[in-house]
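Engineer: sharing a sequence plus its predicted fold:
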Amino acid sequence: MEPGSTYIRNVTTRSGAVDSFGLGMTLFYLCSGKDPYPGQHTGVQWRGDVHQATSAITGTTWQSLPRRYARCVVGATAEGQLARIDVPAIHDEMSRLRAAHLDPEQVTDTELLAEGIAARSEAMRNYEWDADTSSAFYAPPTGVVYQLQGDESKARILLDISFTSRGQHDRSNLTKYLNSKGPGVVGALRKGKWHVTDEQHGQGQLKVSAWIDADQARQGLDRFPRTVDVAGDLLRF
């Protein structure tokens, strides 16, 4: 039930956010087969309920589809009306996911492609989505950090792989170790057809930036994630 129908203060049932909420709950029902109960979206388990439901989505080769679907449901059913995504945004996202599902070889959206690579990467399988930068981000305890982002203006997929010591390594040997590993990371990315644009070294830090064309990404959605894995593995102690 839309919170606006039960709460009076600071809420209006004339807002388009009411439609967003109803559509979000409909999307939840479509993937879960269960009617959401009143107030379910306010519980601490709501995100988990949504992700559990969308993780059961099968029959698609676009591996980030369940997560993007889940974010759409969560965004549409936020408790505060001002925090909800609007109906046009929901429609646009569902249309993009439908197109990616039906014809993945024709996807040109760099954001979709960037997350598509992340979803296929073994190293990034537990990635999170950073809404502020529209990027897939994963920072495991090992110190290696992965970030994949679409650049629509240049039709590119941007990759950053970095390492920052979190105090669990011997700093006396760390810089020497990273300096020796940097060329290997660069070489692995270049071998995988990534264009390396930057390599930064510092005290206990290393960062390599690279990019590929959207056309390359679309044609190599299985190959490019493996390259990310290989490059990241070189920085594991």
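Structural biologist: Yep, that arrived.
Engineer: what about residue 165, neighbour count?
Structural biologist: Residues lying near residue 165 (other CB atoms under 10 Å) number 17. Bear in mind the C-beta positions are built from the backbone N, C-alpha and C, glycine included.
Engineer: helices or strands up against the top helix by length along the chain?
Structural biologist: Longest helix in the chain, counting residues (DSSP state H): helix 171-191. Helix 171-191 sits against strand 156-164, strand 195-202, strand 205-213, helix 223-233, with contacts defined as 3 or more CB pairs under 8 Å, 6 or more residues apart in numbering; DSSP states H and E.
Engineer: rounded mean pLDDT for the longest one, please.
Structural biologist: This means helix 223-233. Mean pLDDT, computed over helix 223-233, is 94.
Engineer: could I get the buried residue list for it?
Structural biologist: Within helix 223-233, the residues that count as buried by 16 or more other CB atoms under 10 Å are 224-225, 227-232.
Engineer: from the residues you listed, pick the one nearest residue 58.
Structural biologist: residue 225 (20.1 Å; CB to CB).
Engineer: out of the helices and strands packed on helix 171-191, nearest to residue 55?
Structural biologist: That would be helix 223-233 among those, by CB to CB, at 19.2 Å.
Engineer: that closest one vs strand 156-164, what angle?
Structural biologist: 20 degrees (axes from the mean of the first three to the mean of the last three CA atoms, to 10 degrees).
Engineer: picking that back up, now, which of the buried residues of helix 223-233 sits nearest residue 201?
Structural biologist: Distance to residue 201, by CB to CB, is smallest for residue 231 among the buried residues of helix 223-233, at 15.7 Å.
Engineer: tell me the contacts of the closest residue to the closest one other than its chain neighbours?
Structural biologist: Distances taken as CB to CB, 6 or more residues apart in numbering place residue 188 nearest to residue 231, at 4.4 Å, with adjacent residues excluded. Taking CB atoms under 8 Å, 6 or more residues apart in numbering as the criterion, residue 188 is in contact with 227, 230-231, 234.
Engineer: the helices and strands packed on helix 171-191 into TSV, with extra columns for distance to residue 60?
Structural biologist: Shown next, in TSV, are the helices and strands packed on helix 171-191 (distance: least, CB to CB, whole Å):
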stretch	distance to residue 60
strand 156-164	20
strand 195-202	30
strand 205-213	23
helix 223-233	17
